[in-house]
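A.B. asks: give me a model of this one.
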Amino acid sequence: ASAAGFGGWISQFQNGIQYNPATLYAATLNPGVAPTAGSLSPSPAWGPQFRDPSGRPARINQWNIALQRQLTQKMSLEAAYVGNRGVWEEARGLMALNAISPAQLTKLGLDLTNPSTRTLLTSQVCSTTAVAAGIKLPYAGYPCSASVAQSLRPFPEYNDALSTWYSPLGNSWYDALQTKFMIHSWHGLDVSESFTFQKELNLGNSGINDAFNRQENKGLSGSSQPFISVTGFTYMTPKVGQSKMLQQVTRGWTLGGVMRYASGALIGTPGSLNNLGTYTFNGGTRMDRVSGQPLYLVNPDCRCIDPTNASQRILNPAAWVDTPAGTWGQGAAYYNDYRWQHQIAESVNLGRTFQLREKMSLNIRAEFFNPFNRLYLPTPSSGNPFATVTQNSAKAFTSGFGYILNANTTANIGGQRNGQLVARFLF
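C.D. replies: The predicted model follows:
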């Protein structure tokens, strides 16, 4: 039967089961069903093309050593070393199934740093350049429109990377000093202060530079924050003076707050423009950092940044140099000193419960978020240090390295001070 529209019926049982016998045999298990002869195509879209048979659940070993000290009856201090190591973590990017390996290039006598090699790899496989270099078609009927690089892939009939699952090639490392200071019911004050100094590394999940050189991909986790401090406190006001009226007005108010201060989010190293992936399909590479050049032209935490000021570029384009053609960048995916603004989250509240009768009470509380009205700006453009700088009619930057783009859009500027009043009547 023909396909029905949405909500319609395909057939009715009163007419018997209607089907086309030919559709029962339409499926094929022929591995050569795609692509069609004389063409290239992406790998079949019905799922990942390779499920690593060595895939297994990741294993993470965790440990900690802690010391606690009771400073006074109301105060305590704790310090701990916390660590873990992860292995067999899924890292699909380290499995380059359809990329040209350095060993294969060496076997063919090809050197990517040689301009003639790069010209050869981008030439058509039936061109005079390819024929003169001794390049042959991988199989009969292979399309001459394909490049030499495409013909040298392990699966030259597919013009994509071939997706993988369950590749247990990733690792992770975590080491931290965690401290906690507590004050419990000291003259109406309760405080909990936690501080963490940590280092987070991983292999295979923070940008892949060269899948055939796996150990070079160990580096900082993209979500790394070495310093995090969180303070929570509550204070209840006591009675003041001898006057019952004064005592009634001043006692029982509760002031509380949570203050979180953390390192800023990492800014990624700019990607190289040397088009290395065009020649090997092993992904792109990164630019190199210039020794002695500052990463910033303006301190991200100076509270002096004007997103519409054309002379106030924040990131320094001179801090980066592109990787020479045909080579892999030597820099890391992230640098610990290349971060955006400190991440600050502050909130306070003031409230009191009024006992109206034995079983009736009214709680009133004022809550304030970002009470100091700190401005949170989007991360500046950090992809291409050589990008052309452009502004729109509202003087907001629409392109250019080191500037905050589209800053005139309120959706991109957030974090303004706000508050709310809450009342709860219990009976």
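
A.B. asks: residues making contact with stretch 243-251?
C.D. replies: 237-241 (Cβ atoms under 8 Å, 6 or more residues apart in numbering). (Each C-beta comes from the backbone N, C-alpha and C, glycine too.)

A.B. asks: using TSV, lay out those together with secondary structure, pLDDT and distance to Asn384.
C.D. replies: Shown next, in TSV, are the contacts of stretch 243-251 (DSSP: H, G, I helix; E, B strand; the rest coil; pLDDT from 0 to 100; distance: Cβ to Cβ, whole Å):
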residue	secondary structure	pLDDT	distance to Asn384
Thr237	coil	92	56
Pro238	coil	90	61
Lys239	coil	84	65
Val240	coil	84	62
Gly241	coil	80	67
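
A.B. asks: for those residues, which one is nearest Asn159?
C.D. replies: Thr237 (71.7 Å; Cβ to Cβ).

A.B. asks: what's the spacing between that closest one and Glu346?
C.D. replies: For Thr237, the distance to Glu346 equals 21 Å [Cβ to Cβ, to the nearest Å].

A.B. asks: so between the two, which is more surrounded?
C.D. replies: Applying other Cβ atoms under 10 Å to Thr237 and Glu346 shows that Glu346 carries more neighbours, namely 17 against 14.

A.B. asks: contacts only, for the more buried one.
C.D. replies: 257-260, 369-372, 374 are the contacts of Glu346 under Cβ under 8 Å, 6+ apart.

A.B. asks: just among those, which is most surrounded?
C.D. replies: Note: the member of these with the most neighbours is Asn370, at 19 neighbours, neighbours being other Cβ under 10 Å.

A.B. asks: helix/strand/coil for Gln150?
C.D. replies: Look at Gln150: counting by DSSP: H, G, I helix; E, B strand; the rest coil, its state is helix.

A.B. asks: and it, how many neighbours?
C.D. replies: Gln150 - counted by other Cβ under 10 Å - has 23 other residues nearby.

A.B. asks: any idea how far Ser272 is from it?
C.D. replies: 21 Å.

A.B. asks: what do you get for Arg85?
C.D. replies: 32 Å.

A.B. asks: now do the contacts for Pro57.
C.D. replies: Trp88.

A.B. asks: and the pLDDT at Ser54?
C.D. replies: Looking at Ser54, its pLDDT is 91.

A.B. asks: residue contacts, it?
C.D. replies: Going by Cβ under 8 Å, 6+ apart, Ser54 touches Pro168.

A.B. asks: can you tell me the helix or strand for Thr36?
C.D. replies: Using DSSP states H and E, Thr36 is not contained in any helix or strand.

A.B. asks: make 793 the first number, not 1, from now on.
C.D. replies: Got it, first residue is 793 now, which makes that one Thr828.

A.B. asks: and it, how far from Ser835?
C.D. replies: Taking Cβ to Cβ, one finds Thr828 at 14 Å from Ser835.

A.B. asks: now Gly847
C.D. replies: From Gly847 to Ser835 the distance is 19 Å (Cβ to Cβ).

A.B. asks: which one of those two has more residues nearby?
C.D. replies: Neighbours per residue, other Cβ under 10 Å: of Gly847 and Ser835, the larger number sits with Ser835, 21 against 15.
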